[in-house]
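1. Have a look at this prediction, sequence included:
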Amino acid sequence: MKLVVDNQIPFIRGILEPFALISYLPGAAIRKENLTDADGLIIRTRTKCTRELLQGTPVQIIATATIGYDHIDTEWCEATGIQWTNAPGCNSGSVAQYVAAALAAITNEKQLDLKDKTLGIIGVGHVGSKVEHLAKALGMNVLLNDPPRARSESLPGFADLDTLLKHSDIVTLHVPLNRTGPDKTLHLVDYQFLNKLKPNAILINTARGEVIEEQAVLDWIAGNNGRVSEAIPESNHGTLIIDTWPDEPHINPELLAKAWIGTPHIAGYSLDGKLNATILAATAMAKHFGFTLDRLPSIDQPSPVSGLGLASSVYDHILETYDILADDRRLRESPELFENLRNNYPPRREFQAWEIDSFPSGEIGHMLQALGFGPTT
């Protein structure tokens, strides 16, 4: 049995070797000629699993170590009997940590008191639900929009999109990329969407790059060198925090220049999230081919310990776990290295991996516990 595996998937080397011949290749470089004797594929988003790539190969199963799967032609795979799996929820904690770090940076640099602000969450799946939890832990008001869930669950608590945009100070996107259908999200963020936002609103995109309509967002961002778009009134400009971009890895330098924070598609790149995805992909292969893994991938590192004092704010603790502005600086210094910055991303651990040496009591302690932090053991 032979498996072709993206060589940037972490923790996987040595896990499947007892059961299969493994060929490790750069994800974007996987071609049909690499699959002539391959029984399975383990990939990330950079491998486009289309009919052109797969037709005529013996591939039986594709496991993508990602939440999203729009890089797989699932309809064609299902019609031809190729099984596919993704890793739902694998990096939801990592993306929530990214949003928390963005909120912490906003609080520190813009002197914004989050406790009287409303966060609008569009897409309330694995990630959106964790973002809802952290926002409430930080004392924010929350509005939720998820039409598929609202239709299927008949539960109170979901707002329509217009209501959410009208009342939210900060809007964060956690939707899949749906190109067609009643829940289409391709170019969801267009001129109409942006004109419904509150003046000076903040928009966070960690979903998919194509969810935003690039020119509309450029016209909406504050500080557009005096150019006023007729489609976006001057009074309605806002602030963009962006991790997922149209046309990755060849991102628009103008969009990067105008974004308040820009990062190279790494919101879900914590070690913990990567580990979860690798475990799901490896176990999917084992289940499909009928073998039992000798061991699961693991992180061989001690828990990081916070050395911040008792007087530190919740936001200081959040930014100690993840310095989002450092990722922003790295991308601005070398935007042409977008893919390299992703592939060589420094280790980051999620809240639950951290211990706090001097654990605060009172409100700050309760907030930190709600986020997942724990005292040293």
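-> Structure received.
2. Surely L3 is in a strand?
-> Yes. Counting by DSSP: H, G, I helix; E, B strand; the rest coil, one finds L3 located in a strand.
3. can you count the residues close to it?
-> Neighbourhood size, L3 [other Cβ atoms under 10 Å]: 24. Glycine gets a C-beta too; all of them are placed from N, C-alpha and C.
4. Please name the bridge partners of it.
-> As for beta bridges, L3 partners with I22, G40 under DSSP bridges.
5. Just the pLDDT for it.
-> L3 is assigned 98 on the pLDDT scale.
6. swap in K287?
-> 97.
7. in stretch 100-112, what's buried?
-> A100, A101, A102, L103, A104, A105, I106, T107, L112 (16 or more other Cβ atoms under 10 Å).
8. Closest to A207 out of those residues?
-> A102 (13.9 Å; Cβ to Cβ).
9. For the closest one, pull up the helix or strand it's in.
-> Using DSSP states H and E, A102 sits within helix 92-110.
10. next one: I62
-> strand 61-64.
11. Can you name every helix or strand that that strand contacts?
-> strand 40-43, strand 83-85, helix 271-289 (3 or more Cβ pairs under 8 Å, 6 or more residues apart in numbering; DSSP states H and E).
12. That strand pairs with which strands, parallel or anti?
-> According to DSSP bridges, strand 61-64 has these partners: strand 40-43 (parallel), strand 83-85 (parallel).
13. Pull the residues that contact that strand.
-> Contact partners of strand 61-64, identified using Cβ atoms under 8 Å, 6 or more residues apart in numbering, comprise 39-45, 49, 71-72, 77, 82-87, 280-282, 284-285, 288.
14. can we see that at 7 Å?
-> 40-44, 49, 72, 77, 82-87, 281, 284-285, 288 (Cβ atoms under 7 Å, 6 or more residues apart in numbering).
15. coming back round to it: following the helix holding A102, which helix or strand comes up?
-> Using DSSP H and E, the first helix or strand after helix 92-110 is strand 118-122.
16. So which bits of that next one are buried?
-> Neighbour count says strand 118-122 has T118, L119, G120, I121, I122 buried, by 16+ other Cβ under 10 Å.
17. the strands in the stretch 201-350 of the chain, which residues?
-> Counting by DSSP state E, counting those that start in this stretch, the stretch 201-350 of the chain has strands at residues 202-205, 239-242, 261-262, 305-306.
18. Turn those strands into TSV, including mean neighbour count and mean pLDDT.
-> Listed next are these as TSV, based on neighbours: other Cβ atoms under 10 Å; pLDDT from 0 to 100:
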stretch	mean neighbour count	mean pLDDT
strand 202-205	24	98
strand 239-242	24	97
strand 261-262	22	98
strand 305-306	14	92
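19. Tell me how far C77 lies from H71.
-> To H71, C77 is 12 Å away according to Cβ to Cβ, to the nearest Å.
20. sorry, back to before: out of the strands paired with strand 61-64, which one sits most buried?
-> Of the strands paired with strand 61-64, the one with the most neighbours on average (mean count of other Cβ atoms under 10 Å) is strand 40-43, at a mean of 26.
21. Please state the offset of that one from the chain centre?
-> Chain-centre distance of strand 40-43: 21 Å, with Cα atoms, centre = their mean, to the nearest Å.
22. okay, that strand in CSV with CA atoms only?
-> Extracted C-alpha coordinates of strand 40-43, given in CSV (Å, rounded to 0.1, in the frame of the first residue of the first chain):
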residue,chain,number,x,y,z
GLY,A,40,-4.5,7.2,-0.4
LEU,A,41,-3.8,10.9,-0.1
ILE,A,42,-3.2,13.0,3.1
ILE,A,43,-3.3,16.7,2.1
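23. Check which element follows it along the chain.
-> helix 51-54.
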